[in-house]
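Fold the following, please.
(4 chains)
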There are 2 protein chains.
Amino acid sequence: MLETTDERAGMPALSAAQGRAATSGGAQRRRAGRPSAAVLDKAGITSAALKLVSRKGYDGLTMAALAKMLDVAPSALYNHVASKHDVLLLVEDHLMSLVDVSGFGHGSWEDAVRTWAWSYRDVFAEHTPLIPVIAVLPVTDAPQTLAMYETVSKGFSDAGFPQDRIVPSIVALESFIFGSAYDVTAPEDIFDAGSMAESTPYFTAAVRHSASGQEASAGQERGRPADTAFRLGLEALIAGFGAIRK
Amino acid sequence: MLETTDERAGMPALSAAQGRAATSGGAQRRRAGRPSAAVLDKAGITSAALKLVSRKGYDGLTMAALAKMLDVAPSALYNHVASKHDVLLLVEDHLMSLVDVSGFGHGSWEDAVRTWAWSYRDVFAEHTPLIPVIAVLPVTDAPQTLAMYETVSKGFSDAGFPQDRIVPSIVALESFIFGSAYDVTAPEDIFDAGSMAESTPYFTAAVRHSASGQEASAGQERGRPADTAFRLGLEALIAGFGAIRK
DNA sequence: ACCACTAAATGAATGGCATTCATTTAGTAG
DNA sequence: CTACTAAATGAATGCCATTCATTTAGTGGT
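Okay, here's the model as predicted:
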C-alpha cells in the first residue's frame, strides 16, 4: 500500500540528496527562501498525510504534524493546498483508487456489485472521518473518484439498467456503504442497554438473540456483527435493484 | 419545536426574576461564587445548543457561544457536562425523540418502517455533524434513543421477524438512513464532471438521464434527487427484509 | 448553631489549532 | 539584466476546548 521507506514520505527522488536536509535523521534547518529543488508537491503531501493517518489517526493529522513529517514549516503547505480540507480531498481521492471495481466486466452484475461494495466499505471503515467530506464532494475535483463512477456506471448500463435509474441506484448503494462503514467502527457493546434493560424488553431480547445468531460465525471471515448487517442489507439492495433491469 | 421565547433559552422558570441578570437584555454581570438559584442544567444547555445550531449551524456551536447564550462563563458549563462531546450527546438524544415511530402498532409493518425511516432521515439531514457521534454511540447513555429502539424492535418482533434478524435488519436500515442523510445535503451539481466529462461517457450519460428522470417529479413533495435515491433504496430494503418474516 | 463538604459560579490561564503575512531566496520569461 | 512568479521561513493572529484557583451558597451531621 505504501511503498516508500524514506523518512520523508515519498517525495520527488531528488530532494533526499540535497545540500542540507536529512543528512542523518537530524533535519539540518533549511534557510529561508525558495530552495533550489522544490521540496513539496501534492503527491508528497498526500502520501505523508496517509502515512500520518495510519500512524496517528485523523486526530493526529494536523497541518503542523504534516509539515513536520515533510520537514517544512507549516505555512509552506499553503503554497500547494488552500486549506486542510484540500488535504482531506487529496487523501480521499487516493483512497478511491483502492476500491475494487475489477468485477465490472467479468462475471455477473451481482458479483461485481458485491466486490465493489465490500471493498468500498472496507476502505472507508478505516477512514470514517472522510465520509462527511466525500458524501458532499463534487466529483469534478476528484479524478479517481470520477474514474470509479465511470466504471460502475458502465457496469450498471451493461447489465441492462434503464439509464434514469443508474445514478439513483448507485447513490442508494453508496449511502448504505457510508453508513455501514461507521458501523464497523462501533464498539462491541454499543447495544448494551445497561441499567435500562428492564424497561426495554423487546430490544434487550433482540440484542441477546442477535448475539447468539453471531456465534455460528465466530472466527469466520466476515463474521462480525457489522458484517452480518452489511451482508443482509447489501443482498436486499442487490435483489431489489436487480429486478429493475430489463 | 422550541417553545420558549426567553432570551436565555428555556431555563428553570425561577432565574429570570433573579436579583441581577437580565433586567433588560443587558446581562448585568453576575458576581463570582455559587448563585442562590442554579442557572444551568442539562435541559437548558440542550435547548440552548439546539437554538444555537438552528441559528448558526454546527460551526457556531462552540462552548463560548453556548455560554454566552446562557449568560454564563464558558467554564461554568463544565459543572454540568464533561466535554463538548457531552453536549452533542444531549442534542442527539433530544433529536431522537423527534423521530416518528408512531407507525409501529397501527397498520402494516411496511408503512411503519416507511414513516420511521423518512422521518429519521429528515431529522438527521438537518444535523449531519451528529452522525459520526450517533453511529458509534452506546445506547446506554441515551434514553430517547433507547426508547426508539424499543419501539422499533417491538414493531419488528410483532411483524413476525425471527429474533436473531431484528438487530441486523435495524442496523442495516439505520446505516442506509445515515448515509442518505448526508446525501440530502449534497450540492445540486455534485455529479457535474466538468472538464473531465468527455473521458467519462457512461457516467455523464447516466447523470444526464437521471436529471431528466427527475423532471417528472419537479416541484413534488419528495421530489429531489436525494429523495428519489432514498425511496429506491428504502423500498428495496423493505421488500428484501419483508421476505424474512415468517 | 457550627462545621465540613459539596455544588456551582467567575475569571484567568494553557496549549493546540488552522491560517495569514511579511520576508527571503531562486528560478524564468521578455 | 530585469520583472515576475514560485516556494520556502518565521512570526504573528484569533479561535477553541479545557483546566484551575477562587469565591460563594446550600446541606447534612453533631
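
drop to CA atoms for contacts and neighbour counts, all remaining ones
OK.

which residues of chain A fall in strands?
Taking DSSP state E as the criterion, chain A carries no strands.

can you pull the contacts of the most centrally placed residue in chain A?
Nearest to the geometric centre of chain A sits residue A:124, at 3.1 Å (C-alpha atoms, centre = their mean). Contacts for residue A:124 were tallied using C-alpha atoms under 8 Å, 6 or more residues apart in numbering or on different chains; they are A:130, A:131, A:178, A:181.

centre of the chain versus the top helix by length along chain A, how much separation?
In chain A, taking DSSP state H as the definition, the longest helix is helix A:163-185. The chain centroid and the centroid of helix A:163-185 are separated by 14 Å under C-alpha atoms, centre = their mean, to the nearest Å.

And for stretch A:182-198?
24 Å.

List the buried residues of that stretch.
If you call a residue buried by 16 or more other C-alpha atoms under 10 Å in any protein chain shown, then stretch A:182-198 has these buried ones: A:182, A:183, A:184, A:186, A:191, A:192, A:193, A:196, A:197.

same thing with stretch A:223-234?
Those would be A:224, A:225, A:226, A:227, A:228, A:229, A:230, A:231, A:232, A:233, A:234, for stretch A:223-234 by 16+ other C-alpha under 10 Å.

How about that stretch and chain B, touching?
Yes. Using C-alpha under 8 Å from any C-alpha of the partner chain, stretch A:223-234 reaches chain B at A:225, A:226, A:228, A:229, A:230, A:232, A:233.

how far away is the residue in chain A positioned nearest to DNA strand C from residue A:73?
Relative to DNA strand C, the nearest point of chain A is residue A:33 (2.8 Å; C-alpha to the nearest atom of the strand). Going from residue A:33 to residue A:73 by C-alpha to C-alpha, to the nearest Å gives 12 Å.

which strands and helices sit next to the lowest-mean-pLDDT helix or strand in chain A?
Sorting the helices and strands of chain A by mean pLDDT, DSSP states H and E puts helix A:201-215 at the bottom, at a mean of 92. On a contact count with 3 or more C-alpha pairs under 8 Å, 6 or more residues apart in numbering or on different chains; DSSP states H and E, helix A:201-215 meets helix B:143-158, helix B:163-185.

Give me the buried positions along the first one.
Spelled out, that is helix B:143-158. Buried-residue list, helix B:143-158, by 16+ other C-alpha under 10 Å: B:143-157.

about what we covered before: can you tell me which of the buried residues of stretch A:223-234 lies closest to DNA strand D?
residue A:226 (28.4 Å).

Surely the closest one is in contact with residue A:187?
No. Residue A:226 is beyond contact range of residue A:187, at 10.4 Å (criterion: C-alpha atoms under 8 Å).

which of the contacts of residue A:124 are close to chain B?
Answer for the contacts of residue A:124 near chain B (C-alpha under 8 Å from any C-alpha): residue A:178.

Nearest to residue A:50, out of the contacts of residue A:124: which one, please.
Taking C-alpha to C-alpha as the measure, residue A:130 is the one of these closest to residue A:50, at 12.1 Å.

so what's that closest one up against?
Residue A:130 makes contacts with A:88, A:92, A:124, as judged by C-alpha under 8 Å, 6+ apart.

so how far is residue A:127 from the second one?
I take that to be residue A:92. Distance of residue A:92 to residue A:127, computed by C-alpha to C-alpha: 9 Å.

need the contact list for residue A:139.
With C-alpha under 8 Å, 6+ apart, residue A:139 has these contacts: A:145, A:146, B:190, B:191, B:192, B:193.

Which positions in chain A make contact with DNA strand C?
Contact residues, chain A versus DNA strand C (C-alpha under 7 Å from any atom of the strand): A:31-37, A:59-64, A:74-75, A:78, A:82-85.

how about the helices of chain A, start to end?
Applying DSSP H to chain A gives helices spanning A:42-56, A:63-69, A:84-96, A:109-125, A:131-134, A:143-158, A:163-185, A:201-215, A:225-242.

and among the ones you listed, the most buried is which?
helix A:163-185 (a mean of 24; mean count of other C-alpha atoms under 10 Å in any protein chain shown).

Please name every helix or strand in contact with that helix.
Packed against helix A:163-185 by the contact rule (3+ C-alpha pairs under 8 Å, 6+ apart) you find helix A:109-125, helix A:143-158, helix A:225-242, helix B:163-185, helix B:201-215, helix B:225-242.

residues making contact with the second one?
Taking contacts as C-alpha under 8 Å, 6+ apart, the residues outside helix A:143-158 that touch it are A:93-94, A:96-97, A:99, A:101, A:104-105, A:109, A:139-140, A:163, A:166-167, B:193, B:200-203, B:206.

could you redo the last one with a cut-off of 6 Å?
A:93, A:96, A:97, A:104, A:139, B:200, B:202, B:203 (C-alpha atoms under 6 Å, 6 or more residues apart in numbering or on different chains).

From those, which one has the minimum pLDDT?
For these, the weakest pLDDT value sits at residue A:139, with 89.

Next one: it from residue B:204, what distance?
Between residue A:139 and residue B:204 the computed distance is 11 Å (C-alpha to C-alpha).

What of residue A:140?
Taken as C-alpha to C-alpha, the span from residue A:140 to residue B:204 is 12 Å.

quick revisit: turn the contacts of residue A:139 into a markdown table, including pLDDT and distance to DNA strand D.
Shown next, in a markdown table, are these (pLDDT from 0 to 100; distance: C-alpha to the nearest atom of the strand, whole Å):
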| residue | pLDDT | distance to DNA strand D |
| --- | --- | --- |
| A:145 | 96 | 25 |
| A:146 | 96 | 26 |
| B:190 | 94 | 28 |
| B:191 | 94 | 29 |
| B:192 | 91 | 27 |
| B:193 | 90 | 25 |
